[in-house]
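>>> Sequence plus predicted model, see below.
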Amino acid sequence: MMQSTQLFLKDGIQLNGTTLEMLSAMPIIVNVYRAFDSDATITSGLDGKHSSNSYHYDGDAQDYRVWDVMDTVEKVATEIRNELCRYLDYGGCFDVVVEYRNDEEGNRIPSHIHVEFDRRRYETKRHTDPGYTGGRL
Ligand SMILES: [Zn+2]
């Protein structure tokens, strides 16, 4: 059997309306997870409960599961940041943040990795520097 690399979705999430910038980030994120011997699973796209001004509703943000990378989650996030900058001209306009929550015992544990494309930052950079196409910030 040929080994394939797959992206997984939590049941019921909505990706209809995902922006091209987020689409272009997805294979890069999947490959980072593979490098940590884990599958990548999107747990939220345009769905879910987020703050009212969240980029999720614009298709510019996704959440990724961290169950299989609990001990290395900050390294995974750093690697996603680095790889987005390496492969995408506008990679520096992504924010990659590990979100934490409290478990039943009150311990602070990773909840998910939030990845968003900061379109306002991208547009601002383009207006102040017409030659700007993205890249490292
Ligand atoms: Zn999120």
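Sure, I can see it. Numbers count the residues shown, from 1 in each chain.

>>> How far does stretch 52-70 stretch from one end to the other?
For stretch 52-70, the first-to-last residue distance is 28 Å (C-alpha to C-alpha, to the nearest Å).

>>> And the average pLDDT for that stretch is what?
Averaging pLDDT along stretch 52-70 yields 95.

>>> and it, how far out from the chain's middle?
6 Å (C-alpha atoms, centre = their mean, to the nearest Å).

>>> And that stretch, what's buried?
By neighbour count on 16 or more other C-beta atoms under 10 Å, the buried set for stretch 52-70 is 54-66, 68-69. C-betas here are computed from N, CA, C, even on glycine.

>>> from those residues, which single one is nearest E105?
E105 has its nearest neighbour among the buried residues of stretch 52-70 in V66, at 18.1 Å by C-beta to C-beta.

>>> mind checking how far the closest one is from the ion?
Remark: distance between V66 and the ion (C-beta to the ion, to the nearest Å) = 12 Å.

>>> from what I can see that residue touches V98, true?
Yes. When contacts are counted by C-beta atoms under 8 Å, V66 is listed as touching V98 (7.5 Å).
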